[in-house]
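Participant: Pasting the sequence and the predicted model now:
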2 protein chains.
Amino acid sequence: MAATEDRLDPAIAARLKRTADGLVPAVVRRHDDGEVLMLAWMNDEALHRTLTTGRATYWSRSRNELWVKGATSGNHQFVKAASLDCDGDTILLTVEQVGPACHTGTPTCFSDELPVRA
Amino acid sequence: MAATEDRLDPAIAARLKRTADGLVPAVVRRHDDGEVLMLAWMNDEALHRTLTTGRATYWSRSRNELWVKGATSGNHQFVKAASLDCDGDTILLTVEQVGPACHTGTPTCFSDELPVRA
């Protein structure tokens, strides 16, 4: 067992459809009310760490490094559930969010409304 | 005015941070209960059409064409609200979903649970 514990379960890895950069978007929602908090990106190792530690872990495209959400901000995300979509190219995390999800200090990252005409 | 109506509002376009392919992911949730339905991709024209017609319109990466959700399946998405995230690289749509959102016939695309250990 130990040999397989340091990387993503191959059965899950085989179902992932990654971008050219090897990443998959992760949609993050709050577990108590389902509010959509943010979108971040995962490589296989980020997903592996998320699933095995229960701490939301992403790949920072700007810093090119693994990023445990809350490690510096304190705004941790404890993962309650995770799922993969029908074509294996998006992850949905359900989390207990500590503090604001957004680095701007707002509860969610989606604060900028766009006008819809219909 | 007419001259600007055939393309995305430049003020919105200027705030978008696109992938190398010129796309932005759009997270789609159901308006009545906030359930996360799917993730799709938009180029500027798809976003423009979505905002001006009120019908969710995406860029199909597999077919390389604009895709009005429901045009062939009948599973339309009528857009109630749209927002942009803090860094301009993700859109959140709130929609009235007709029928199942997923092409597999399930209400949402996220039916495949992943095990979380913590």
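Facilitator: Looks like it arrived, so ask away.
Participant: Spit out the contact partners of the residue nearest to the spatial centre of chain A.
Facilitator: Note on chain A: the residue nearest the mean C-alpha position is residue A:26, at 4.1 Å, using CA atoms, centre = their mean. Neighbouring residues of residue A:26 by CB atoms under 8 Å, 6 or more residues apart in numbering or on different chains: A:39-42, A:47, A:50, A:56, A:58, A:90-93. The C-beta positions use only the backbone N, C-alpha and C, and glycine is treated the same way.
Participant: That one: which element?
Facilitator: Residue A:26 belongs to strand A:24-30 when assigned by DSSP states H and E.
Participant: Would you give the sheet partners of that strand, along with the direction of each?
Facilitator: Here strand A:24-30 is paired, per DSSP bridges, with strand A:36-42 (antiparallel), strand A:91-97 (parallel).
Participant: Redo these as JSON lines? Include mean neighbour count.
Facilitator: Below are the strands paired with strand A:24-30 laid out as JSON lines (neighbours: other CB atoms under 10 Å in any protein chain shown):
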{"stretch": "strand A:36-42", "mean neighbour count": "24"}
{"stretch": "strand A:91-97", "mean neighbour count": "23"}
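Participant: pLDDT below threshold where in chain A?
Facilitator: A:1-4 (pLDDT under 70).
Participant: Tell me which stretches of it form helices.
Facilitator: Secondary structure of chain A (DSSP state H): helices located at A:2-5, A:10-13, A:44-53.
Participant: what's the closest of those to residue B:107?
Facilitator: Residue B:107 sits nearest to helix A:10-13 of all these, at 23.0 Å, using CB to CB.
Participant: neighbours around residue A:5, how many?
Facilitator: Counted with other CB atoms under 10 Å in any protein chain shown, the neighbours of residue A:5 add up to 9.
Participant: what sits against it?
Facilitator: Residues near residue A:5 by CB under 8 Å, 6+ apart: residue A:52.
Participant: got a list of what the closest residue to residue A:93 other than its chain neighbours touches?
Facilitator: Spatial nearest neighbour of residue A:93, excluding adjacent residues (CB to CB, 6 or more residues apart in numbering or on different chains): residue A:28 at 4.8 Å. Taking CB under 8 Å, 6+ apart, we find residue A:28 in contact with A:36-40, A:56, A:77, A:92-93, A:95, A:101.
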